[in-house]
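Colleague: Structure for the following, please:
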Amino acid sequence: MDLVTDLLRARASGVAEAQLAAAREAQRRAQFYLDFVEAENSTGFHAPQEAMRVLTQSIDWSRKGQMSLRGRP
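Modeller: Predicted coordinates for the structure are as follows:
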């Protein structure tokens, strides 16, 4: 949710569209991984290590999106 909030604030403050596009792409990827764990419906009961790995990827993409809004690669 922090990335979504950051995206809304960045858009309102006039951040360049290219910078917003990179952050939006990162948000889409983060949401995909989160949705995958949720849709799998065991939320890690059968394979908790795999669920944690996938959720970690979601967090990583969220942070990458935040970093792109701050002008860092």
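Colleague: For residue 33, the count of nearby residues, please.
Modeller: 19 (other Cβ atoms under 10 Å). In short, each C-beta sits where N, CA and C put it, glycine included.
Colleague: what about it, helix or strand, and which?
Modeller: Following DSSP states H and E, one finds residue 33 within helix 17-40.
Colleague: what sits up against that helix?
Modeller: Identification of contacts with helix 17-40 by Cβ atoms under 8 Å, 6 or more residues apart in numbering yields 3-4, 6-7, 10-11, 43-44, 51, 54-55, 57-62, 64-66, 68-69, 71.
Colleague: how about 6 Å then?
Modeller: Outside helix 17-40, the residues that touch it by Cβ atoms under 6 Å, 6 or more residues apart in numbering are 3, 7, 51, 54-55, 57-58, 61-62, 64-65, 68-69.
Colleague: Read off the pLDDT value for the most far-flung residue of the chain relative to its centre.
Modeller: What lies farthest from the middle of the chain is residue 46; by Cα atoms, centre = their mean that is 24.4 Å. For residue 46, the pLDDT comes out at 73.
Colleague: what does residue 28 give?
Modeller: Reported pLDDT for residue 28: 97.
Colleague: Highest neighbour count among the contacts of helix 17-40?
Modeller: Among the contacts of helix 17-40, residue 65 has the most neighbours (other Cβ under 10 Å), with 25 neighbours.
Colleague: still on that earlier bit, pull the helix holding residue 33 out as PDB, backbone CA atoms only.
Modeller: C-alpha atoms of helix 17-40 as PDB (Å, rounded to 0.1, in the frame of the first residue of the first chain):
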ATOM      1  CA  GLU A  17       5.300  10.100 -16.700                       C
ATOM      2  CA  ALA A  18       8.400   7.900 -17.500                       C
ATOM      3  CA  GLN A  19       9.200   7.800 -13.800                       C
ATOM      4  CA  LEU A  20       5.600   7.000 -13.000                       C
ATOM      5  CA  ALA A  21       5.500   4.200 -15.600                       C
ATOM      6  CA  ALA A  22       8.500   2.400 -14.100                       C
ATOM      7  CA  ALA A  23       6.900   2.600 -10.600                       C
ATOM      8  CA  ARG A  24       3.500   1.400 -12.000                       C
ATOM      9  CA  GLU A  25       5.200  -1.600 -13.700                       C
ATOM     10  CA  ALA A  26       6.900  -2.500 -10.400                       C
ATOM     11  CA  GLN A  27       3.500  -2.200  -8.600                       C
ATOM     12  CA  ARG A  28       1.900  -4.600 -11.200                       C
ATOM     13  CA  ARG A  29       4.600  -7.200 -10.600                       C
ATOM     14  CA  ALA A  30       4.400  -6.800  -6.800                       C
ATOM     15  CA  GLN A  31       0.600  -7.300  -7.000                       C
ATOM     16  CA  PHE A  32       1.000 -10.300  -9.300                       C
ATOM     17  CA  TYR A  33       3.100 -12.100  -6.700                       C
ATOM     18  CA  LEU A  34       0.800 -11.200  -3.800                       C
ATOM     19  CA  ASP A  35      -2.200 -12.300  -5.800                       C
ATOM     20  CA  PHE A  36      -0.500 -15.600  -6.600                       C
ATOM     21  CA  VAL A  37      -0.100 -16.500  -3.000                       C
ATOM     22  CA  GLU A  38      -3.700 -15.400  -2.200                       C
ATOM     23  CA  ALA A  39      -5.200 -17.300  -5.100                       C
ATOM     24  CA  GLU A  40      -3.200 -20.400  -4.300                       C
END
